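[1] next input, structure requested:
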Amino acid sequence: MDAAMVLVGRNGAGKSTFLKMISSKQLVIPSNLTMLSVEQEVDGDETEVVQAVLESDSRRVDMLTREKQLHEIVNRPGLSDEEKEKYSSELATLYAEMEAAQVDKAPARAASILFGLGFTPEEQTRPTKEFSGGWRMRVALARALFVKPDLLLLDEPTNMLDMRAIFWLENHLQEWTTTIVIVSHDRSFLNAICTDIIHLHSRRLDQYRGNYSNFEKAMREKLTQQQREYEAQQQLRQHTQEFIDKFRYNAKRASMVQSRIKMLERLPALKPVEVEPDVILNFPECEVLSNPVLQLDEASFKYTPQSPLIFQNLCIGSHANSRICIVGENGAGKTTLLKILMGDLMPTSGFRNANRRLRIGYFAQHHVDQLDMDVAAVELLASRFPGHTQEEYRAALGRFGLSGDLALQSVATLSGGQKSRVAFASLAMQNPNYLIMDEPTNHLDVETVEALGKALNAFKGGVVIVSHDERLIEVVCKELWVVRDRTVTTLEGGLDEYKKQIYKLLAFTSWILS
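    Got it, this is the predicted structure:
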């Protein structure tokens, strides 16, 4: 890999804005560099998924188009020998260029990338219009990986992926030969791929070599050293000033006083170290329910009588203090399972049994779509939960790090992570005793993911999370549910065992494809 540069910084620091400045060439980028930014999903139309990827390579498309044109010209009746030789020579040159560009291997390479990102061979031949926005974002990512630009810009690429696809992407990017600039909150992903960290803070950029763990260590050491230097200088200034004050009017020591005054003037103006405040999230206190809290007994589900079963004969349950993390490939039914647990969907057969005092707080994967963008965060809470004081709404937002002017800003002006905090505050206002969360780490920064893990562990009620974020699972999970093949199983080995299974699957599929 040439370089994988990762932009890190708190929510609202401007990471995504900085990435857009690069992609829009507001910053100076050499004109000879090819650049791609994965920001928008591909359009949904009749184009097959694999064809959408192949068409992203304009040079390949131009060569194939020219090849077809030259074939038609060479085989045209009445062509003179001189013209035939001319176009045949051009065709031979074109074939050499196509061989060097490995045009014949492009379909297999496109299929391999799509398979790594979770598309089955059958899905690769379906029109893009049949896929959701999240899956079309995967197509956009596949197009960028297929083209191999000199500079690839990725903004939270793991948000759209399940854990298997994330592990595949890690392996793929480790073999990348050009430069990547990434914004991501996924600590494990960053440690696997990045060569440099660019820390965006206090309207400045600081660069560190190494992965995220190296950056954390280097930054701590740097701040410690800066604080020592500041304290040492302050002590020197104090002692020197005391000497000046004591002997300012002593004629015998006038030269020494003047020397020390000049020394003070020459000292660089060091400032105390600016330490970013810790991110703290707090879910409210709640009553502890008696067990069992929530159970599915021989529960099966399908959306219509004609559609296939999504789940069959599920027998699972949770307790008042459960910490359950749910994993599985996209499309396996994780979100559907959450809706069954919440009672939004009822089993086609079997039973859902819930404690009658159960109050579920739900955090949806696409929570941003449910927020009113035209009002301030305080006003949003007031419209959803009328009857409280302004101070109570602001306190609710403050528990999730939205204090001061942020609480009064229009939701539209907040960063993705700050919008997530508004959603957390809205959830907390429901006074839940059981939390169900679908991909809560999307749009959060690394520090807020850590804070979320601590807040969930401190919460007195039960917690069920769908997540692909390894760090959050490591911090919170006491029980790992794997959704696969119409069933839900508890994996005794937890996340480590699940990762082993994924790596074995990736190794096997890589061998098959090769």
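
[2] make it CA atoms for all contacts and neighbour counts henceforth
    Will do.

[3] now do the helices in the stretch 401-514 of the chain.
    Secondary structure of the stretch 401-514 of the chain (DSSP state H, counting those that start in this stretch): helices located at 416-428, 446-458, 470-476, 494-513.

[4] next: the stretch 251-400 of the chain.
    Using DSSP H, counting those that start in this stretch, the helices assigned to the stretch 251-400 of the chain run over residues 254-266, 334-342, 377-384, 390-398.

[5] could these go into CSV alongside mean neighbour count, distance to Ser307 and mean pLDDT?
    Shown next, in CSV, are the helices of the stretch 251-400 of the chain (neighbours: other Cα atoms under 10 Å; distance: least, Cα to Cα, whole Å; pLDDT from 0 to 100):
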stretch, mean neighbour count, distance to Ser307, mean pLDDT
helix 254-266, 14, 80, 92
helix 334-342, 19, 14, 96
helix 377-384, 20, 36, 94
helix 390-398, 19, 43, 93
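
[6] any idea which of those gets closest to Ala507?
    Of all these, it is helix 334-342 that lies closest to Ala507, at 24.7 Å by Cα to Cα.

[7] ok now the closest one, how far from the chain's centre?
    Distance of helix 334-342 from its chain centroid, counting by Cα atoms, centre = their mean, to the nearest Å, is 23 Å.

[8] do the same with stretch 479-497
    In terms of Cα atoms, centre = their mean, the centre of stretch 479-497 is set 23 Å apart from its chain centre.

[9] work out for me the element Leu200 sits within.
    For Leu200, the element it lies in under DSSP states H and E is strand 196-201.

[10] just give me how far the helix or strand following that strand sits from the chain centre.
    As assigned by DSSP H and E, the chain's next helix or strand after strand 196-201 is strand 204-209. Mean-position distance between strand 204-209 and its chain equals 20 Å (Cα atoms, centre = their mean).

[11] and the angle from strand 204-209 to strand 196-201?
    On the basis of axes from the mean of the first three to the mean of the last three Cα atoms, to 10 degrees, strand 204-209 is oriented at 160 degrees to strand 196-201.

[12] elements contacting strand 204-209?
    On a contact count with 3 or more Cα pairs under 8 Å, 6 or more residues apart in numbering; DSSP states H and E, strand 204-209 meets strand 196-201, helix 212-247.

[13] circling back: deepest of the helices of the stretch 401-514 of the chain, which one?
    helix 416-428 (a mean of 23; mean count of other Cα atoms under 10 Å).

[14] show me where pLDDT drops low in the stretch 51-200 of the chain?
    Flagging of the stretch 51-200 of the chain using pLDDT under 70 yields an empty set of residue ranges.

[15] can you map out the strands along it?
    Along the stretch 51-200 of the chain, counting by DSSP state E, counting those that start in this stretch, strands occupy 151-155, 179-183, 196-201.

[16] hang on, the earlier thing: who wins for proximity to Tyr212 among the helices of the stretch 251-400 of the chain?
    Closest of the helices of the stretch 251-400 of the chain to Tyr212 is helix 390-398, at 28.4 Å (criterion: Cα to Cα).

[17] distance of Leu70 from Ser89?
    10 Å (Cα to Cα, to the nearest Å).

[18] who has more neighbours, these two?
    Ranked by neighbour count (other Cα atoms under 10 Å), Leu70 and Ser89 place Leu70 first, with 18 against 12.

[19] tell me how far that one lies from Glu479.
    63 Å.

[20] can you show me the strands along the stretch 251-400 of the chain?
    Per DSSP E, counting those that start in this stretch, the stretch 251-400 of the chain carries strands over the ranges 294-301, 311-318, 323-327, 349-354, 360-363.

[21] tell me where the model's unsure across the stretch 301-450 of the chain.
    For the stretch 301-450 of the chain, applying pLDDT under 70 flags no range at all.
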